[in-house]
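>>> fold the following, please.
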Amino acid sequence: MTGFDHQLPMLKFLLIILLTEERIFCKLRFYAKDTCTEKVLYLIQSLKFERGEKELDMKKFSTLLIFLILAVGVGCNQEQPVTQLEVGREKLLGAGLSIEAIEHLKRAEAEEAKTDTEKVEPRALLLIAYSYALSTGHAKTQEAETPGLAAEYKQARSERIAALTSTEMKKMLQLLKEKHRTQEATIQILVDKGAGAVPVLLEYLGIRSYLVIRPDLVEMLYQIGSEGVDKIAAALSDANTSLEMKGTLTRLMGRINDPRAIPVLEAIQGESAPGLRMEINIALYNLGKGEYRAEIIAGLSDNDVAVRRAAAQAMLKLDNPPTEELVTALNDSDAQVRMYVGQTLEKHPTENAISRLTEILTNDTDEGAKEAAAKALIVHSEQDFGKRIAQRLIKALPEVSDPKDRIRIVLVLKKDALVEQIKNAPKAYDDNIEYDLFLYFNNEEKNDMVREELSMLLNNLRG
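So this is what the prediction gives:
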């Protein structure tokens, strides 16, 4: 912290003095938190306000200001020395200077940290610094001045990963939660730790305050793969594991695709809640148990919304999903079901879905469902049976009240296949959708952002 940084809080307070009518000294006494500020109190005492007047003796104020700058900036520096750990941390996380950070962190570990507890942070940061230097190429670049540096860092990284403790891993997860430039390097360390990292990752997967990195935790467990199956299976079988956590771990087991998971999943299947039971069916299907396909499809019409959501999400990976059931599921009361089904229909277009997808795009209340419908309609417009989608959307445009939704529709209309539909549409007065779009732009649309997108579309049509 510089001398100016020290001055700033007091200078701000002096502004308050200028605007205050009474009790100045009391306020300063409350503000004063160190002996340096106390040294100027007697000057403040000399400032007098006449009752009913607001004029301050500017000569005394100037004297005070000069003294304060000198006293606080030069004579009152009471900071503790900056530590090697602080410098190393800032150089690594703040500036990305991994090579410089390593030297400071080595000294922090060797010279400043006296106990195992004190060594946790420098050790964690030093391992991250080695990894970051290698992954970014910093170590390789530096070899012109320091031959063999990259090999030295690789060896140090390998040795430190082998010796990595659970406490140090937890420190790394805390740093991941803080979101620094070293995210990928830190994740790779934990993945390379393999089975040794799994207990910590599972523990933090269940901590609500770490929800922000839950996708990263799941992905690390997935990359560790079969090495972690036994520990994941134990967590799944544990009665103390929450239902939400079991659902996450079940999906993870299906992704890892290790046959050892099958007996574990089948053992807990019967006693599980309906939603989790469907998740287990899906995982078992992904593990090669094709007999569960029928149950998954039937889940699209189940009374339990958790079952329908799981089944709808499973359609994305189901071989040849049933289009008739998917079109019916577009009418589901649950927005997530509609979204998942829309995403599936993007991959598996069918003519019968066009009408309902158009309704969702133009009239649904959920952003995710509307976005899925928009992407699905773009794919449908490229099929022979989707040649009238542009006409449907242009006719619906005036009835859509939300400008954001109208922009989304226009963005769909700007896609190549739909532009061609508009250009190739009949030019008879009743069927001229390009002219309808022009009239809508000129006479009805008032929102500037929508008009801008429409203008670009119309210019494209004229080109």
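>>> residue 348: how many residues sit nearby?
17 (other Cβ atoms under 10 Å). Bear in mind the C-beta positions are built from the backbone N, C-alpha and C, glycine included.
>>> same check on residue 181?
14.
>>> also residue 218?
Counted with other Cβ under 10 Å, residues neighbouring residue 218 total 17.
>>> any idea how far residue 120 is from it?
Going from residue 218 to residue 120 by Cβ to Cβ, to the nearest Å gives 25 Å.
>>> what stretches of the stretch 1-150 of the chain score poorly on pLDDT?
The stretch 1-150 of the chain contains residues with pLDDT under 70 at 1-80.
>>> could you list the domains of the chain?
Split into domains by automatic domain parsing, the chain comes to 3-75, 92-225, 238-314.
>>> out of these, which is closest to residue 379?
For residue 379, the closest of the domains of the chain is domain 238-314, at 18.1 Å, according to Cβ to Cβ.
>>> show the average pLDDT along the closest one.
For domain 238-314, mean pLDDT is 95.
>>> would you mark the buried spots in the helix or strand harbouring residue 152?
Using DSSP states H and E, residue 152 sits within helix 149-162. Neighbour-count burial for helix 149-162 flags 149, 150, 153, 156, 157, 160, 161 (criterion: 16 or more other Cβ atoms under 10 Å).
>>> for residue 324, find the nearest of the domains of the chain.
domain 238-314 (10.2 Å).
>>> start and end of the closest one, how far apart?
Start-to-end span of domain 238-314 (Cα to Cα, to the nearest Å) is 25 Å.
>>> for stretch 235-249, same thing?
Stretch 235-249 has an end-to-end distance of 8 Å (Cα to Cα).
>>> in that stretch, what counts as buried?
Within stretch 235-249, the residues scored as buried using 16+ other Cβ under 10 Å are 235, 236, 241, 245, 246, 247, 248, 249.
>>> with stretch 276-289 instead?
So stretch 276-289, judged by 16+ other Cβ under 10 Å, has buried residues 276, 277, 278, 279, 280, 281, 282, 283, 284, 285, 286, 287.
>>> so who does the spatially closest residue to residue 195 that is not a sequence neighbour touch?
Once flanking residues are discounted, residue 195 sits nearest to residue 227: 4.3 Å by Cβ to Cβ, 6 or more residues apart in numbering. By Cβ atoms under 8 Å, 6 or more residues apart in numbering, the residues touching residue 227 are 194, 195, 198.
>>> are any of those residues buried, and which?
Neighbour-count burial (16+ other Cβ under 10 Å) applied to those gives residue 198.
>>> so residue 210 sits right up against residue 178, yeah?
No - contact criterion Cβ atoms under 8 Å: residue 210 and residue 178 do not qualify, at 11.4 Å.
>>> before we move on, the earlier item: quick one: the helix holding residue 152 to chain centroid distance?
Put simply, helix 149-162 sits 30 Å off its chain's centre (Cα atoms, centre = their mean, to the nearest Å).
>>> do stretch 382-399 as well
The chain centroid and the centroid of stretch 382-399 are separated by 35 Å under Cα atoms, centre = their mean.
>>> first-to-last residue distance for that stretch?
Stretch 382-399 has an end-to-end distance of 25 Å (Cα to Cα).
>>> how much space between residue 122 and residue 160?
From residue 122 over to residue 160 the distance is 11 Å, taken as Cβ to Cβ.
>>> equivalent analysis for residue 440, please.
Separation of residue 440 from residue 160 (Cβ to Cβ): 65 Å.
>>> do residue 101 as well
15 Å.
>>> repeat that for residue 445.
Residue 445 is 62 Å from residue 160, by Cβ to Cβ.
>>> ok, now residue 180?
Using Cβ to Cβ, we find residue 180 at a distance of 19 Å from residue 160.
>>> mind listing what the residue nearest to the spatial centre of the chain touches?
In the chain, the centroid-proximal residue (Cα atoms, centre = their mean) is residue 212; its distance is 6.7 Å. For residue 212, the contacting residues are residue 177, by Cβ under 8 Å, 6+ apart.
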